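Asker: Here's a sequence, model it:
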Amino acid sequence: ISIILFFFSLVAFAAFAQSNSTDFDVAPSFEWLIQNCEDGWCGSVESTALYAMSMKLAGYSSTYGSQAIKQIQLEEKESESCFQKNSCNVRDTAFAYWVLSNYGEDTSGIEDYIRKNLGVGLAENWWLEIITTAENQMCKIGYPSGSSQEEKEILVNQGKFPECSAGQPETFFDLNECITPNLVNSNPNLELTIDCSSIGQGTIISIIYNSGSSYYLTEQATAAKYKTQIQNACHKKAGACDKDVSLWTNWILKNKNSDISTNLYLLTVYDNLDPVDLSLLYLSSSDAEIKSDYLDALLSLQKLDGSLNKNSYDTAVALLALSAGGSAEDILNAIDYLKKARKSDGSWDSDKATTALVLYAAFADASVSLPSMPGSSGIESDTFCGDDVCDPDESVYSCFKDCQQPESEICVANGICEVDYGE
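Answerer: Numbers count the residues shown, from 1 in each chain. Down below sits the predicted model:
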């Protein structure tokens, strides 16, 4: 089976590469971005991150990409390791984390900021189930309390909890009532240690989440001692759980192999008719069966023209998922749609984020030749971008100050004289 899947992946990749070979010139799109992302800044951390990643895949990481990275770094609030510095938020911080790590830059502290700003997205019933035939044995539950670790002993009698059921079935131990009030509902990603060593091996330990008539078996292990993290977290926007912020941040953290996950929260709020939701959940999930369901639902939304919602942004996000699990035909159809959707100025929807995302998702391997930036050729020169002369190796794309906008300021006040960028 693995060989067959690998074969189909190669077929899809070959089709992807062939589609982007010579029949579509992406240079105008990159040039449009360079024009509209002055000095590498596209107006937001998210758009600039997508721009930098598209430049990296196109082979311009040390020039245009590096310029964008410097702009993002200037937007860090160093005391909190968050972005943008005047209005730190999780989404921009996550995109900065993604692109800076891909460029090998320092990202220390960024994931800690994201972790500190987690919210509780699932705040209804959380139950512990211990399946055993043993009579009147004690289990210990370890949990954090402030800066210390607390422990509570609970009596288990043939899978029932005679000392505390909190109005639930006797086989469910209420984690929000029987230890300390709202223990789970006030602590995102709460870490629990469940020690049933007195019962011994063969004990089945489960964590269950209940909302209305829906029940989710979130964790299960056959073990005498089990350590787990309650998956009740969400990522917030303006103080409240936000689906879109959670989707993108969850995908980025998955790429970073983080232990932070909002998959369960997203499972309860996602829209199964939204290709962005389905694509990012597919890319963030580890369970093969669940991934297959997300992909099938995504493919059912793809239109005959190859698009998702006849929308360039949605189609580009879907391509991230299709490139990982779709067929060659699905991929080619989506790319063909995007080729036809490009505007005459080279952009998609006249939007920087959409254009950068399309280039990153659909044309990563395209061969493109862009005007060189000053200092990138390795040849010593007395000329530089910022000397008020449009030199032969400069262009409207590589040096706005000299060739198009003499009134703009290219100097970035960061205490470093960056000759490569015209200072």
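
Asker: And the closest residue to V45 other than its chain neighbours, what's its pLDDT?
Answerer: Excluding the flanking residues, the one nearest V45 by C-beta to C-beta, 6 or more residues apart in numbering is D92, at 4.0 Å. Quick note: C-beta positions are derived from backbone N, CA and C, even for glycine. For D92, the pLDDT comes out at 98.

Asker: likewise T262?
Answerer: 97.

Asker: Tell me how far S198 lies from C139.
Answerer: Separation of S198 from C139 (C-beta to C-beta, to the nearest Å): 7 Å.

Asker: Which residue of these two possesses the greater neighbour count?
Answerer: Taking other C-beta atoms under 10 Å, S198 and C139 do not tie; C139 has more neighbours (24 against 15).

Asker: Can you classify the more buried one by secondary structure?
Answerer: Classification of C139 by DSSP: H, G, I helix; E, B strand; the rest coil places it in strand.

Asker: do E46 as well
Answerer: Relying on three-state DSSP, one would call E46 helix.

Asker: Which residues are in contact with the closest residue in space to it that isn't next to it in sequence?
Answerer: Spatial nearest neighbour of E46, chain neighbours left out: F95 (4.6 Å); criterion: C-beta to C-beta, 6+ apart. Residues in contact with F95 (C-beta atoms under 8 Å, 6 or more residues apart in numbering) are 45-46, 49-50, 83, 248, 252.

Asker: ok, now with 6 Å
Answerer: By C-beta atoms under 6 Å, 6 or more residues apart in numbering, the contact set of F95 is 45-46, 49.

Asker: repeat for T193
Answerer: So T193 contacts 142, 227 (C-beta under 6 Å, 6+ apart).

Asker: going forward, begin numbering at 739 instead of 1
Answerer: That works, and once the first residue is 739, the last one we named lands at T931.

Asker: I'd like the distance between it and Q967.
Answerer: 11 Å.

Asker: Common neighbours of those two, please.
Answerer: In contact with both T931 and Q967: no residue, using C-beta under 6 Å, 6+ apart.

Asker: Work out for me the element the residue nearest the centre of the chain sits within.
Answerer: For the chain, the residue nearest the mean C-alpha position is I990 (2.4 Å; C-alpha atoms, centre = their mean). Following DSSP states H and E, one finds I990 within helix 981-993.

Asker: Could you list the buried residues of that helix?
Answerer: 981, 983-992 (16 or more other C-beta atoms under 10 Å).

Asker: out of these, who's nearest E843?
Answerer: I990 (14.9 Å; C-beta to C-beta).

Asker: Tell me the spacing between that closest one and L1004.
Answerer: Distance from I990 to L1004, by C-beta to C-beta: 14 Å.

Asker: Strands along the stretch 789-938 of the chain, start to end?
Answerer: Applying DSSP state E, counting those that start in this stretch to the stretch 789-938 of the chain gives strands spanning 856-858, 863-869, 875-883, 886-894, 911-912, 929-933.

Asker: just those strands: most buried one?
Answerer: Mean neighbour count (mean count of other C-beta atoms under 10 Å) peaks for strand 911-912 among the strands of the stretch 789-938 of the chain, with a mean of 22.

Asker: for this protein, what spans make up the helices?
Answerer: With helices called from DSSP state H, the chain shows them at 740-757, 765-774, 783-795, 804-811, 828-840, 848-854, 981-993, 1001-1007, 1013-1022, 1026-1039, 1050-1063, 1066-1079, 1090-1100, 1138-1141.

Asker: could I get these as TSV with distance to S944?
Answerer: Written out in TSV, the entries for the helices of the chain read as follows (distance: least, C-beta to C-beta, whole Å):
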stretch	distance to S944
helix 740-757	31
helix 765-774	50
helix 783-795	39
helix 804-811	43
helix 828-840	31
helix 848-854	26
helix 981-993	24
helix 1001-1007	14
helix 1013-1022	23
helix 1026-1039	18
helix 1050-1063	30
helix 1066-1079	37
helix 1090-1100	39
helix 1138-1141	60
